[in-house]
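Student: The amino acid sequence is not available; the structure is as follows:
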């Protein structure tokens, strides 16, 4: 079934269309999913007996969750984007920031994936989101 | 397929189980979906020629998006909830605030649903989220 | 000097006036300050050698930061509040949730205030914010 | 008096010191202020009779508010930054995104500053924040 982002974009007066719209939907869905995964991974790490070994993971989870949530919100706003100058280049820099935060978080989470299933799942969500940001950046060129 | 929230809770050391966990997953998923719907409905309203008639809708969309995103984040944190005193009653009050914001936004969006598909979809997401908040509140009793 | 919230409300077409406006400004400023304090206290706790004793503190910090940020955002929106029905009672419930989250976080932070200056400062910010939420709730009656 | 960000950084085990810390405090304070200004400017625009002429302004306000809030949150996390690799370059890209969003919002708000005091104040806050982001980026080199 179509995600809520896809349904809402289908009803938006300024959503665009074609390959760009597909990349947008995929990035929006991946950002929303990754924000949830990172918020929960941070909290699951806090509940682990070995939390002292997981502080870098928690910290990167929190940064990544904030970046993904904001990227999703900015991507949700299509009005004023018709001329491609909606936010003066800010969108590209934000997508790059989100991609890098996802990458850093995925690297860290993967190093704990053997011990913590929440880190394994979170790393996967971060990889998907990093790839979706990269694909959307490419489609904007 | 299980949502990311459901997968992550399955790997959380302090997630709980049973009917309470089911209500939690459904509320988390509904809040995330509703936050996306409301952020996009606000922006779609901004892109409508008749935006001057939609300012109350935009305003309630923005409040509802903020409430849903925060409710999802607070619900994502299970550590420290073992004794039911995790946040001193704040969770119940927040769920009630989220339920009321969803209701107010749904009422307003429904009044535009005949003209704007984005309002119709958003009203549906708000109704689902209000119901999920109410169900979770009941399960906490 | 007037805070940015006070300056902006002075220029808002629907800000209101009098004692209600004063309580609003104070609550807005206290929420913004408390969100910053809690986000930083959580991170400072993560950097402490004794982080394993501070996980409940971190968790309550994160909840409180989210609640305060959302309360500030909702309070910032005055349009549509003229009739007092702006968000169908959601504002009161949100203020109560914020007050309770601040109280819970202050109680926890105070128990570490002897060892950690960041907890002492954060507890103070939480107490100010809880009081400001309560004062605003009273002024709404 | 020292801002809450300055006080909290003074108590943080990993805050750093010197010129870098000064640039950090100023950027944190400017981001928090700008997020408040933009959230309120968007709502004040919604309450104007001429809202139809202000939709681009509202949209840029919302993007800028989200970027500033997230930049403040990421800047608040100092743990794990000791090696300068805290978030794999994400911080620089985020500061650049924030700077550009502030610039775009300031340009738009300035074009309405003659008619709307809230736009004039918001443009000033955006200019201060853009400059603070640029200064912090320079100090990171």
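Tutor: That came through, no problem. Just so we're clear, the structure is a prediction, and the values are computed from it rather than from any experiment.

Student: Going by C-alpha atoms from here, please, whenever you check contacts or count neighbours.
Tutor: Fine.

Student: Could you give the separation of the helix or strand hosting residue A:134 from the chain centroid?
Tutor: Per DSSP states H and E, residue A:134 falls inside helix A:117-140. Its chain's C-alpha centre and that of helix A:117-140 lie 6 Å apart, by CA atoms, centre = their mean, to the nearest Å.

Student: likewise stretch A:41-56?
Tutor: Taking CA atoms, centre = their mean, one finds the center of stretch A:41-56 at 21 Å from the center of the full chain.

Student: swap in stretch A:101-115?
Tutor: On CA atoms, centre = their mean, the centre of stretch A:101-115 falls 15 Å from that of its chain.

Student: quick one: contacts for the residue positioned nearest the centre of chain A?
Tutor: The centre of chain A sits closest to residue A:31, judged by CA atoms, centre = their mean, with a distance of 2.8 Å. Residues in contact with residue A:31 (CA atoms under 8 Å, 6 or more residues apart in numbering or on different chains) are A:68-69, A:71-72, A:129.

Student: I'd like the distance from the lengthiest helix in chain A to the chain centre, please.
Tutor: The longest helix of chain A (DSSP state H) is helix A:18-46. For helix A:18-46, the separation from the chain centroid amounts to 4 Å (computed by CA atoms, centre = their mean).

Student: Buried residues in that helix, which are they?
Tutor: A:20-21, A:23-46 (16 or more other CA atoms under 10 Å in any protein chain shown).

Student: which non-adjacent residue is nearest residue A:131?
Tutor: Spatial nearest neighbour of residue A:131, excluding adjacent residues (CA to CA, 6 or more residues apart in numbering or on different chains): residue A:99 at 7.5 Å.

Student: I figured the one you found hits residue A:130, correct?
Tutor: Yes: assessed by CA atoms under 8 Å, residue A:99 is found in contact with residue A:130 at 4.4 Å.

Student: Tell me the secondary structure at the residue of chain A positioned farthest from its centre.
Tutor: Centroid-distance maximum for chain A: residue A:49 at 28.2 Å, with CA atoms, centre = their mean. Following DSSP: H, G, I helix; E, B strand; the rest coil, residue A:49 is assigned to coil.

Student: Could you measure from it over to residue B:7?
Tutor: From residue A:49 over to residue B:7 the distance is 21 Å, taken as CA to CA, to the nearest Å.

Student: and what of residue A:43?
Tutor: Here the criterion is CA to CA. By it, residue A:43 lies 14 Å from residue B:7.

Student: which residues does the nearest residue to residue A:140 once chain neighbours are set aside contact?
Tutor: Nearest residue to residue A:140, sequence neighbours excluded (CA to CA, 6+ apart): residue A:20, at 7.3 Å. Counting by CA under 8 Å, 6+ apart, residue A:20 touches A:136, A:139-140.

Student: 10 Å instead?
Tutor: A:135-140 (CA atoms under 10 Å, 6 or more residues apart in numbering or on different chains).

Student: do the same with residue A:125
Tutor: Counted by CA under 10 Å, 6+ apart, residue A:125 has contacts A:30-38, A:102, A:105-106, A:119, A:131, B:4.

Student: just residue A:44 next, same as before
Tutor: A:38, A:51, A:58, A:116-119, B:8-9, B:11-15, B:76-79.

Student: which of these come close to chain C?
Tutor: Checked against chain C using CA under 10 Å from any CA of the partner chain, the contacts of residue A:44 give the following subset in range: A:51, A:58, B:76-79.

Student: Of the residues you listed, keep whichever come out buried.
Tutor: A:51, A:58, B:76-79.

Student: Okay, and which of these map to helices?
Tutor: Short answer: those in helices (DSSP H) are A:58, B:76.

Student: Look at the spatially closest residue to residue A:41 that is not a sequence neighbour and say how many residues are nearby.
Tutor: Excluding the flanking residues, the one nearest residue A:41 by CA to CA, 6+ apart is residue A:118, at 5.7 Å. A count of neighbours around residue A:118, defined by other CA atoms under 10 Å in any protein chain shown, yields 27.

Student: confidence score at residue A:85?
Tutor: In the prediction, the pLDDT value recorded for residue A:85 is 45.

Student: What parts of chain A come near chain C?
Tutor: Checking chain A against chain C by CA under 10 Å from any CA, the hits are A:42-43, A:45-56, A:58-59, A:62.
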